[in-house]
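# next input, structure requested:
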Amino acid sequence: MTDRYLVIQPEPTVNATQICDDLVSALEKDHSVTRADTLLDTSITEVAQDSASAFAHVINAVRADSSDVTLLEHADFSAVPTFDSIGWSLDVAASVGARVILVLDAEGVPADLVSVQAQAACARARAHHAQVVALIVPGVRAESVSCEQIPVISDRLDQNTVEQITSAKLAGVVTPVSFQADLIDRARADRQRIVLPEPDDDRVLQAAAEVLELGIADIILLGDEAAIRERAQQLNLDIAAARVVALDDAELVEKYAEEFARLRAKKGITIEQAREKIRDVSYFGTMMVHMGDADGMVSGAAHTTAHTIVPSFQIIKTAPGVSIVSSVFLMLMKDRVWVFGDCAVNPNPTPEQIADIAISSAKTAEQFGVEPRVAMLSYSTGTSGSGPDIDATVEATRLAREKAPELAIEGPIQFDAAVDPAVAAKKAPDSDVAGKANVFIFPSLNAGNIGYKAVQRSSGAVAVGPVLQGLNKPVNDLSRGALVEDIVNTIALTAVQAQG
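The predicted model follows:
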């Protein structure tokens with residue numbers, strides 16, 4: 001695993017370069033070291049024209065480095081003096097998990113003023129969710145400078161101070177960019193076959209080309225091969241590595257029809273009816289997943305949610321021990337990931353179903369690197385309220401604890417008590433979940449859908465999903481307004497689900 005560091009100096013001088021030299025000298029004795037600035041091969045012009053795309057490119061490039069140590073230096077943004085270059089570098093550090101080494105030009109400056117500068121610089125780093133692990137103040141006695149229990153170093157780095165820096169533990173901040181990059185890394189590590197039934201939509205073709213270029217998954221497209229490849233060529237997209245399967249492939253149609261007729265025999269489905277049904281792209285793609293010819297399916301860019309997921313209910317069905325298929329949104333906040341369920345599938349779940357949704361949501365959270373702390377949301381916390389809705393949440397919490405005693409779960413609980421430690425201390429002082437919940441279970445689809453959209457729109461969070469859970473094999477639905485980035489993310493998370 002690569003360790004990453006960022007050396008940054010708010011007022012550029014030779015000090016930061018010297019610190020980098022010292023750090024490389026100390027580390028390269030036992031490690032391979034890559035040294036670069038926070039622009040890498042991205043130009044100032046590209047940053048100015050499309051900072052979001054340029055930033056994503058830099059993050060992917062840093063994460064792709066396989067050296068033992070990646071050492072980043074604050075880039076020279078002097079050509080664009082109005083650009084927040086310090087913020088850019090701190091955002092890079094937060095999104096790649098780099099320890100920040102802050103260098104201040106403190107020579108001749110009174111120690112108390114250096115402390116003020118240091119505290120301001122550390123506060124700025126915190127605002128960008130970057131973690132400062134060392135403060136270097138050449139020319140000033142270290143013991144005279146105080147900065148939030150961060151080690152202060154007054155001289156050039158030596159082996160002891162380098163060890164102090166490298167042993168510092170990171171707080172585990174997760175930014176939207178770092179989550180998406182980690183998702184792609186995990187998908188790449190064990191490539192899965194994802195079927196896309198809607199290649200007639202240009203966004204799907206664009207996403208397929210990007211997924212293939214990044215090595216996220218192997219892609220299967222359904223439809224007429226000549227037409228699909230001609231359209232890709234018109235869009236200047238490389239989908240040469242994609243497999244294209246015709247919906248009238250006689251061998252597959254017969255195989256899938258026989259299996260579908262068997263699965264739906266109790267519903268009176270004949271082989272002739274099955275052959276007709278299988279020619280629908282959603283049924284064909286779902287049968288590919290069911291029969292092991294694909295590992296997961298992503299659809300919905302051009303079809304309704306029902307058209308995408310009803311076949312999975314009929315064919316793939318629920319996983320053992322799960323009574324209900326449900327959904328979550330992965331809410332990528334500025335420095336953490338929250339999981340919201342169910343926001344897309346079940347209108348009015350029973351207490352038994354809510355319990356299963358909570359357990360499934362906790363498993364989904366774990367699958368994507370979130371240690372679940374589950375809040376069973378209500379308009380009341382603990383025993384402060386009463387009524388049928390409260391009783392239902394109490395019962396759902398009891399059942400979830402009974403089925404999954406290892407799960408950290410609290411309910412009924414209000415949203416403020418679930419996320420705010422100060423409120424939690426008053427409303428649920430004995431709870432291990434209150435104030436630090438990260439999996440939120442809503443009592444109804446009405447509440448869940450309103451809740452996730454309210455948070456998304458008011459906080460700027462990135463909502464990834466809906467992610468279907470509880471199925472034997474992964475099928476995920478897209479919004480018909482999905483962007484290419486949304487489709488790429490959904491393919492990646494479906495691949496991770498398929499890894500098991």
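# quick check: phi and psi on V467?
The phi/psi pair for V467 (degrees, to the nearest 10) reads phi -100, psi 120.
# the nearest residue to it once chain neighbours are set aside: what secondary structure?
In this structure, V467 finds its nearest non-sequential neighbour in V328, 5.2 Å apart by C-beta to C-beta, 6 or more residues apart in numbering. Placement of C-beta: from N, CA and C, glycine included. Per DSSP: H, G, I helix; E, B strand; the rest coil, the local secondary structure of V328 is strand.
# how near is V328 to G448?
To G448, V328 is 9 Å away according to C-beta to C-beta, to the nearest Å.
# which residues do these two both contact?
340-343 (C-beta atoms under 8 Å, 6 or more residues apart in numbering).
# any idea how far the residue nearest to V467 is from T166?
From V328 to T166 the distance is 37 Å (C-beta to C-beta).
# more crowded one of these two?
V328 (31 against 17; other C-beta atoms under 10 Å).
# list the contacts for that one?
With C-beta under 8 Å, 6+ apart, V328 has these contacts: 339-343, 361, 364-365, 465-467, 469.
# which residue comes closest to the residue most central in space within the chain once chain neighbours are left out?
Geometric centre of the chain, nearest residue: F179, 3.5 Å, by C-alpha atoms, centre = their mean. Nearest residue to F179, sequence neighbours excluded (C-beta to C-beta, 6+ apart): L332, at 5.3 Å.
# any idea what that neighbour is bridged to?
Judged by DSSP bridges, the bridge partners of L332 are V337, V462.
# so it touches S459, yeah?
No - using C-beta atoms under 8 Å, L332 is not in contact with S459; the gap is 10.2 Å.
# of the two, who's got more company?
When L332 and S459 are compared for neighbours, L332 comes out ahead with 23 against 11, by other C-beta under 10 Å.
# now for the more buried one: which residues touch it?
174-176, 179-180, 461-464.
# just those now: which is nearest N348?
Nearest to N348 among the contacts of L332 is A463, at 22.4 Å by C-beta to C-beta.
# relative to G470, how far out is the closest one?
20 Å.
# with Q273 instead?
Q273 is 27 Å from G470, by C-beta to C-beta.
# the more surrounded of the two?
G470 (23 against 15).
# from memory the more buried one sits against I324, does it?
Yes - in this structure, G470 is within contact of I324 by C-beta under 8 Å, at 6.1 Å.
# need the overlap of contacts for those two.
Overlap between the contact sets of G470 and I324, as judged by C-beta under 8 Å, 6+ apart, is given by 318, 356.
# helices of the stretch 101-250 of the chain, start to end?
Assigned by DSSP state H, counting those that start in this stretch, the stretch 101-250 of the chain shows helices spanning 111-127, 159-166, 176-189, 202-214, 225-234, 250-263.
# ok and the fifth one relative to helix 202-214, angle-wise?
Helix 225-234 and helix 202-214 meet at an angle of 80 degrees, taking axes from the mean of the first three to the mean of the last three C-alpha atoms, to 10 degrees as the criterion.
# give me the contacts around helix 225-234.
199, 202, 205, 209, 221, 238-239, 244, 246.
# make it 6 Å
For helix 225-234, the external contacting residues (C-beta atoms under 6 Å, 6 or more residues apart in numbering) are 199, 205, 221, 239, 244.
# sitting in strands, which of those residues do you find?
221, 244 (DSSP state E).
# ok, the contacts of helix 225-234 vs D84, which is closest?
Nearest to D84 among these, with distances taken as C-beta to C-beta, is L205, at 35.9 Å.
# what's the spacing between that closest one and G223?
Distance of L205 to G223, given as C-beta to C-beta: 11 Å.
# all strands of the stretch 301-450 of the chain, in order?
Using DSSP state E, counting those that start in this stretch, the strands of the stretch 301-450 of the chain run over 326-332, 337-341, 373-377, 408-413, 439-441.
# what angle sits between the second one and helix 176-189?
To tie it back to what came earlier, the one meant is strand 337-341. Going by the same axes, to 10 degrees, strand 337-341 makes 80 degrees with helix 176-189.
# what angle sits between strand 337-341 and strand 373-377?
Using the same axes, to 10 degrees, strand 337-341 lies at 40 degrees relative to strand 373-377.
# then the longest one?
Here strand 326-332 runs at an angle of 110 degrees relative to strand 373-377 (the same axes, to 10 degrees).
# quick one: mean pLDDT over strand 326-332.
Across strand 326-332, pLDDT averages out at 93.
# what's the answer for the second one, then?
Per-residue pLDDT values over strand 337-341 give a mean of 94.
# and it, what does it pack onto?
Applying 3 or more C-beta pairs under 6 Å, 6 or more residues apart in numbering; DSSP states H and E, we find strand 337-341 packed against strand 326-332, helix 351-367, strand 439-441.
# restrict it to CA atoms and write it as CSV.
Extracted as CSV, the C-alpha positions of strand 337-341 are listed here (Å, rounded to 0.1, in the frame of the first residue of the first chain):
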residue,chain,number,x,y,z
VAL,A,337,-20.2,8.5,3.6
TRP,A,338,-23.8,8.1,4.8
VAL,A,339,-26.2,5.3,3.8
PHE,A,340,-29.9,6.1,3.4
GLY,A,341,-32.5,3.4,3.0
